[in-house]
Each structure stands twice: as C-alpha cells, then as structure tokens.
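1. Let's see this in three dimensions:
(one chain, ligands or ions: 2)
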Amino acid sequence: MKIPLLQDKLEYYFKWFHQHPEPSNQEFETTKRIREILREEGIEIVETAPGAELKTGLVARIQGKAGTPVVALRCDIDALPINEESGLPYSSLNHGFMHACGHDFHTTSLLGAALLLNEERETLNGTVKLLFQPAEEGGDGALQVIESHILDDVSEIYGIHVAAGHENGLIGISPGATHAAVGIFSISIKGKGSHGAAPHYARDPIVAAAQLINTAQVIVSRNTDPFDQAVVSFTHIKAGSTWNVIPEEAWLEGTLRAFSDEKLSWLAERLRECCNATEKAMGLRIDLNYRVCTVATNNDPELSEFAAETARSLGLTVVASQRAMGGEDFALYQKIIPGVFWTIGINSPQGVHHPGFIADMSRLAAASSLFTALAQRSLARLSKKK
Ligand SMILES: [Zn+2]
Ligand SMILES: [Zn+2]
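-> Ligands and ions are numbered 1, 2, ... in the order given. Coordinates of the predicted model:
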C-alpha cells in the first residue's frame, strides 16, 4: 500500500479511537473495532487457551514463509478518566474519558503495521504477533497477557509510545531504562486519641504522620546520589474529623520511583526504616504496606542499536528517548523477552495525562512503517541464527 493512502486510512481509524476512549479493562468497543478492522483485512486473530482468555484486547498473527521465529509488536489500547479539553473537532464522545496518553495513536499505528505486514507476508521469515494490550494505565494488562501464555514463543518484542515533547516524527530510542520502576505504599498509624486540649493523654498520629513525611524527605535529598534519580511522594493523607479531638489514627499513601528495580527496593527499605524509627520515637504503631506496581523498562542494548539503525534506514531521525518517571508495564515483557520500547514525537501542546493533550496524527504511517521494518528485519536476522 502506498504510504499516503495508508496515512488517510489510519487518520480515519484514529479519529474513531480518539472519540471512543474506554478505561482499563473496559475496552470492549475498542476491541470490537480492532477485531472488525482486522477481519475486513483478512488478518488472523489468535485464540487464547481456554481459561486464559483476554476479556479485552487481542493478539493478531501474520505468518510468513515459516511459523518460526516469532516476534511481537505491542501497543496498548486503554484511555484515562479525564475530561477532554483539547478542542479537537473529533474530541471524546465518552464523557469523562479521554485518550490522553496517546494509546489511540499506538493502536492505530499497529493496525497500520498489520496492513503492511499482511501485504508482504510472502517475504516474511517467520511470524509476527501483533499485541493490542488492555489495561496499561495502572492496570494489570501486561500481566494478563503474560499469564495467557500467548507470547511464550516470542523471541523479541517492540513497543511504541508517543513522546509529547518531541518534534513530529522524531524517533526516541535509548538502551537501558527509559521508564521508572514504580512502587505503591500505604501507611497506617495507630495512636491514642484524646481531647485536643489534653495532648499529654494522647499518642498523636497526626504529629507522627507529619514527622514521618518530613523524615522520608531525606531518602532522596540526603541519601540518594544526585545523579541517580528517585522519587518519594506522599499523595494522600487522612486523619481526624474535627478541630478539638486528637484522633486515634492517621493513614497515608504515596508512590516510590526509581530507574532500577534494585534502587526501588532500596527506597522501600529506607521508607520502612523511617516508619520503624518514627514508631519508636512517637510511641505508637506504624504499619507499612508496600507493593511493586511495575518494574523499570530495560531496552536491550544490541536491539536498541538495531532499532535505531532500522529507523534511520527509513529516513527517520533518531534521538535519545525522553526518560520518564512514569511507569510502563511493557517492562514486564522485557523481564522475559528482550525488546525495545521506542517513542515517536507527536509535538503535543501539553504533556500526557493532561486534558489538553493532542497527538498529531500526521506521522501515523511513519510509525506503522517503523513497526513493520522492525518485524521484517528482526525475523530476517533471527531466521539466519536458526
Ligand atoms: Zn499513561
Ligand atoms: Zn501511555
């Protein structure tokens, strides 16, 4: 298919996806639409094993001359609970929801790759699995896909994200971590309540919470190498109900971020030490609840070089990725399959997750071409090794 023709087709698809955003694990209409387009184009959809079905999202398969090797191309399809204020003529029709992270761009560009690869299937040296992943936004999408075993035969994986601050069409690729490892914590403080005028009878959980929040600030400001990025953020606090009663309890939650899984667990360890020390100092009980939300992305160095070279071979300009403290569950695939998470500039007036975010759609076909070339060239290389 000629690129201008493909671009027209993709803009038409993109506007529909942009107008119909659905939150994590609720992408029913989105999945239906993807399925419909793939069916129209005669592209096979992979059925998952009974008991491991994906409720939303799907995997398409394009088989070339041989069944193996297999490479995967991944996009995410979910949207955010944000009221759109972009002013676009094709703004969201699902009130309260918006494609503010560019997942509509990702979905459309992967559909474009499906069309291109399907046209050239005879020349493919193996199989391409095209993964339309649900629930990336703090959901469990990647985990659902891994547990469905649909990627068990995949040797390499490539994923896309839009880069809001990069010029249109600029490709971002960097080895190592580009998106942070994310931890989520909640802390419950159990003290002793009292009259607000009799603090000596209390074990005040509010003072303990304040102390703990202050102490935890040193984890980044005093304990972390200034060249090693980390974040400790308290984002939610609840305690008390009126002005003259010291409450029994306080409750806090927040997030930890780092660019390696080791650093993230070190942050959690330090937070636990701060909790224990405050507990002792204040004479009350502090319980920390902590879990890892996602690990850090980890672009394989050799494959990053390969991906950059592939992009240049298409005449695209490659720069270093914009590193983000946001999490990305593509990282979970990279724990088991070597891969590269690359970005494409969309020149948005606002960053991702903002109601004024706009993904310029003029480079959709370019993104599809890069996805396509990555699959073709990676299969050619892998099949030689066989
Ligand atoms: Zn997002
Ligand atoms: Zn995203």
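
2. Please count neighbours and contacts with C-alpha atoms only from this point.
-> Noted.

3. how near is Ser368 to Cys75?
-> 11 Å (C-alpha to C-alpha, to the nearest Å).

4. cool, Leu170 as well?
-> 18 Å.

5. With neighbour numbers in mind, choose between the two.
-> Per other C-alpha atoms under 10 Å, whichever of Leu170 and Cys75 has more neighbours is Cys75, with 26 against 22.

6. mind checking how far the residue nearest the centre of the chain is from Val59?
-> Centroid-nearest residue in the chain: Glu328, 2.7 Å away (criterion: C-alpha atoms, centre = their mean). From Glu328 across to Val59, the span is 19 Å (C-alpha to C-alpha).

7. which residues in the stretch 1-150 of the chain form helices?
-> Here the stretch 1-150 of the chain has its helices, by DSSP state H, counting those that start in this stretch, at 3-19, 28-40, 103-119, 141-147.

8. of the ones you listed, which approaches Lys55 most closely?
-> helix 28-40 (8.1 Å; C-alpha to C-alpha).

9. Tell me the buried residues in that closest one?
-> Within helix 28-40, the residues that count as buried by 16 or more other C-alpha atoms under 10 Å are Thr30, Thr31, Ile34, Arg35, Leu38.

10. can you check stretch 274-292 too?
-> Residues of stretch 274-292 classed as buried by neighbour count (16+ other C-alpha under 10 Å): 274-276, 278-279, 282-286, 288, 290, 292.

11. what about that stretch, average pLDDT?
-> When pLDDT is averaged along stretch 274-292, the result is 98.

12. List the contacts of that stretch.
-> 181-192, 203-205, 208, 211-212, 215-216, 268, 272 (C-alpha atoms under 8 Å, 6 or more residues apart in numbering).

13. again, but for stretch 62-71
-> Counting by C-alpha under 8 Å, 6+ apart, 43-44, 114, 117-118, 121-129, 153-157, 375, 378-379, 382-383 sit against stretch 62-71.

14. start to end distance for that stretch?
-> Using C-alpha to C-alpha, the end-to-end distance of stretch 62-71 comes to 10 Å.

15. From the chain's centre, how far out is that stretch? Work that out for me.
-> 27 Å (C-alpha atoms, centre = their mean, to the nearest Å).

16. cool, and stretch 170-189?
-> Distance, centroid of stretch 170-189 to centroid of chain: 9 Å (C-alpha atoms, centre = their mean).

17. What are the buried residues along stretch 336-343?
-> Buried-residue list, stretch 336-343, by 16+ other C-alpha under 10 Å: Ile337, Pro338, Gly339, Val340, Phe341, Trp342, Thr343.

18. Give me the distance from that stretch to the chain's centre.
-> Relative to its parent chain, stretch 336-343 has a centroid offset of 12 Å by C-alpha atoms, centre = their mean.

19. what does it contact?
-> With contact meaning C-alpha under 8 Å, 6+ apart, stretch 336-343 is reached by 154-163, 171-174, 297-300, 303-304, 307, 321, 330.

20. Please work out the average pLDDT along that stretch.
-> Averaged over stretch 336-343, pLDDT sits at 98.

21. Just the CA coordinates for it, please, in CSV.
-> Extracted C-alpha coordinates of stretch 336-343, given in CSV (Å, rounded to 0.1, in the frame of the first residue of the first chain):
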residue,chain,number,x,y,z
ILE,A,336,11.2,-12.4,29.9
ILE,A,337,11.7,-11.3,26.3
PRO,A,338,14.5,-9.0,25.0
GLY,A,339,12.9,-5.9,23.5
VAL,A,340,12.9,-2.2,22.8
PHE,A,341,10.4,0.4,23.9
TRP,A,342,10.7,3.3,21.3
THR,A,343,8.9,6.6,21.1
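
22. Model confidence score at the residue lying closest to Ser91 once chain neighbours are set aside, please.
-> Residue nearest to Ser91 in three dimensions, not counting chain neighbours: Gln19, with 5.5 Å by C-alpha to C-alpha, 6 or more residues apart in numbering. You'll see Gln19 listed with a pLDDT of 98.

23. burial count for Gln19?
-> So Gln19, with other C-alpha under 10 Å, has 20 neighbours.

24. Begin at 39 from now on, thanks
-> That works, and once the first residue is 39, the last one we named lands at Gln57.

25. List the contacts of it.
-> Contact analysis of Gln57 by C-alpha under 8 Å, 6+ apart lists Tyr128, Ser129, Ser130, Leu131, Asn132.

26. now it: how far from Arg112?
-> Taking C-alpha to C-alpha as the criterion, Gln57 is separated from Arg112 by 22 Å.

27. Thr262 too?
-> 34 Å.

28. Show me which of the two is the more surrounded one.
-> Neighbours per residue (other C-alpha under 10 Å) separate Thr262 from Arg112, with Arg112 holding more: 22 against 15.

29. And the strands in the stretch 289-424 of the chain?
-> Residue ranges of the strands in the stretch 289-424 of the chain, as given by DSSP state E, counting those that start in this stretch, are 323-332, 356-357, 377-383.
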